[in-house]
Each structure stands twice: as C-alpha cells, then as structure tokens.
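**Q** Below is the sequence, then the predicted model.
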Amino acid sequence: MASYGLDEEQEYEYVDEVTGFSFEIPEGVQAGVTMKVFGPHNVTLHVPMPNNAEAGDRMHMVKSDGKWRIDHVTRGEANVAQMLSIPQAKTVDDLAKDLGQPHVCSVELRTTKGMINLRVVPSWAPKGAQRFLQLVTDKYYTDLPVYRAVPDFLVQFGVSGDDRNWKYEAIEDDDSRGVPFLEGMVCLAASSQNSRMATLCIFLTDFPQLGKKSWETPFARVSEESLPVLRSIYTGYGDMPQCGGSGPDPIQLQDRGNSYIKESFPKCDYVESAEWVS
C-alpha cells in the first residue's frame, strides 16, 4: 500500500485523550494511501485515507481502548465553496457532442508503442488547451520517457533532463466545465492552484475522485481507435517514489536525463514526438 509521510512539524489541534486531536489532510494524498501522522506525546500513527475524504479536509482522531482511531472528517470551508461551484458533470452524450464541434483539433503522439490521437476540445479548458498546443508547436514533447505509469490509473510524461523544463511559467487554472475524468481523458499535471506547466497526464480508467479541484480540468481525450495503444504503455514499474511507489523518480530524471531511465528502467515507453495534424 502506498504511504504518505506528514512532516514532523505538521500542525495539529490537540485537546485531550477524550476529545482527541485533528489535522488537515495535505495536498497529494488520495484514497488508498496510508498517512504517517505525528500525533500528541510523540506518537506516530499510520492512518488510512478514507475514500470519501480529500486533501484540505480535517481529520479528527479519538482514543479508544488505548488506540487512536478516526472519529470523523470535516470538510473545510474552501472545499465546500469549491464543491458548490462545480457544475453538473457532462454526460456521455454531452462529451460526444463536444468532441464533434468544429473547433476541436487533433494532435498525434508518436510513442514507442504506436500512434495515439488526441482530440483537443478548447472549450473544456481554454488555458490548458492553449498551453498544450503551444508546447506541441514548440516540439516540447520530443523524446520524453513515460516516467509515471500506474496500472488502472494514469500515464504521465513531460519531464526531461535538459533546460526545456524551465522555459514555461505555470498557467492559471481553468474554470471547471463539468468534464469527468474518464478513460482517455488528458490534462496537465498540477499540485496546487495555478501550477500547471507542461507535464501531461492521460487516464487509463475512469477516475471519478478527480474533478473537484480548480486545476483538475481535462482539455482533450484519446480517440477510440487509439485506446489499444494507450493501454499497451508499459506500467510494470508502478508509481513514482513521491507517491509511495518504486518507479522512476522525476527528480532523478531532471538531474540525469534519459540515461537514468535507460539504465534503471529500460522497459519504460517514450513519447517520441507530438504533431498538430488538424
């Protein structure tokens, strides 16, 4: 099981052993992750992330029979406001209609497993789509390893060992249009508000847990005929160390370049090029 270690300086609110203590769930923690939590009296707890919780929520712990356990989780005001602002999710018919609009364009990713066609829908996330098409025009997605490939989750690429990583500033978030995270959806990776740059995520399955934060906005989808190629991308190494896995480390990739992948993770696939075709 993946784990996530909270910093030892992580702030928590402690009342007493009856009332318990609480802490805010940090960014980056998702369902299925076990958090390493430093609690009162220098105790270290391993707390599983509940399926119905999310980053920014406040987790309340109480002591029962000498052991700490989760009592309840409360949603922060910012999260509640964000939830209220999320539009109703688009239906399959809505998505099909959007993908058929004349402003939709196609980008072909040439990978070591074959060609993957992306249908870019600017109305889903205008800023994200514009940044992606700019990167394609600039030949950014050339000879890039798929360094993060997690079965039944996503594939991710966009980190290199040269200076192209530093040529683009982060862009502002897009307003959510209610586009769900289904298999084949494409978005720019982000860790917080207004942090999207160039790293691309393509989802291997439906992932309804996403779409609640302002930066979780797909702008494209893999075409139906390209899904077999997407599904064939190698996922045997699993997630990156920053998310509790043993796959390639993007920091090492930045420092050492593709030689790091070729030496330590030779089965990784690559995005060889990206071309705007229509």
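**A** Ah, there it is. Since this is a predicted model, take the numbers as computed values, not measurements.

**Q** how far does stretch 133-153 stretch from start to finish?
**A** 24 Å (C-alpha to C-alpha, to the nearest Å).

**Q** Report the mean per-residue pLDDT for that stretch.
**A** Throughout stretch 133-153, pLDDT has a mean value of 97.

**Q** Buried residues in it, which are they?
**A** Buried positions in stretch 133-153, judged by neighbour count with 16 or more other C-beta atoms under 10 Å: 133, 135-136, 140-141, 144-150, 153. In short, each C-beta sits where N, CA and C put it, glycine included.

**Q** roughly how far out does it sit from the chain middle?
**A** Centroid separation between stretch 133-153 and its chain, computed with C-alpha atoms, centre = their mean, to the nearest Å, is 14 Å.

**Q** Which segments of the chain make up each domain?
**A** When the chain is parsed with automatic domain parsing, its domains come out as 3-82, 88-276.

**Q** show me what contacts residue 267?
**A** Residues near residue 267 by C-beta atoms under 8 Å, 6 or more residues apart in numbering: 234, 236, 237.

**Q** ok, now with 7 Å
**A** Applying C-beta atoms under 7 Å, 6 or more residues apart in numbering to residue 267 gives the contacts 234, 236.

**Q** which SS class is it?
**A** Three-state assignment for residue 267 (DSSP: H, G, I helix; E, B strand; the rest coil): coil.

**Q** distance of it from residue 233?
**A** According to C-beta to C-beta, to the nearest Å, residue 267 and residue 233 sit 11 Å apart.

**Q** same question, residue 69
**A** Residue 69 sits 40 Å away from residue 233, going by C-beta to C-beta.

**Q** ok, the two, which is more surrounded?
**A** For residue 69 and residue 233, the more surrounded residue by other C-beta atoms under 10 Å is residue 233, and the numbers stand at 21 against 12.

**Q** pLDDT score for that one?
**A** 98.

**Q** elements contacting the helix or strand harbouring residue 155?
**A** Following DSSP states H and E, one finds residue 155 within strand 154-157. Secondary-structure packing of strand 154-157 (3 or more C-beta pairs under 7 Å, 6 or more residues apart in numbering; DSSP states H and E): strand 148-150, strand 200-203.

**Q** Point out the most buried one among the domains of the chain.
**A** Per residue and on average, the most neighbours among the domains of the chain fall to domain 88-276, with a mean of 18 (mean count of other C-beta atoms under 10 Å).

**Q** how long is that one from one end to the other?
**A** Note: domain 88-276 ends 31 Å apart using C-alpha to C-alpha.

**Q** Format the helices and strands packed on strand 154-157 as CSV; extra columns: distance to residue 116.
**A** Formatted as CSV, those follow (distance: least, C-beta to C-beta, whole Å):
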stretch, distance to residue 116
strand 148-150, 13
strand 200-203, 8
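
**Q** Looking at the ones you listed, which is nearest to residue 162?
**A** Among the helices and strands packed on strand 154-157, the nearest to residue 162 by C-beta to C-beta is strand 200-203 (17.2 Å).

**Q** got any ranges where the stretch 51-200 of the chain has weak pLDDT?
**A** Where the stretch 51-200 of the chain drops to pLDDT under 70, the residues are 52, 75-86.

**Q** For it, which segments are assigned as strands?
**A** Per DSSP state E, counting those that start in this stretch, the stretch 51-200 of the chain carries strands over the ranges 58-64, 67-74, 105-111, 114-120, 144-145, 148-150, 154-157, 185-188, 200-203.

**Q** so after the last one, what's the next helix or strand?
**A** It refers to strand 200-203. Next along from strand 200-203, by DSSP H and E: strand 220-222.

**Q** Now do the next helix or strand after that next one: which elements does it pack against?
**A** As assigned by DSSP H and E, the chain's next helix or strand after strand 220-222 is helix 227-232. Contact partners of helix 227-232 among helices and strands, from 3+ C-beta pairs under 7 Å, 6+ apart: strand 114-120.

**Q** just to revisit the earlier point, export the strands of the stretch 51-200 of the chain to TSV and tack on distance to residue 22?
**A** Shown next, in TSV, are these (distance: least, C-beta to C-beta, whole Å):
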stretch	distance to residue 22
strand 58-64	4
strand 67-74	8
strand 105-111	44
strand 114-120	43
strand 144-145	41
strand 148-150	30
strand 154-157	31
strand 185-188	32
strand 200-203	32
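
**Q** nearest to residue 224, of these?
**A** Using C-beta to C-beta, the strands of the stretch 51-200 of the chain put strand 114-120 closest to residue 224, at 9.3 Å.

**Q** Understood, closing this out.
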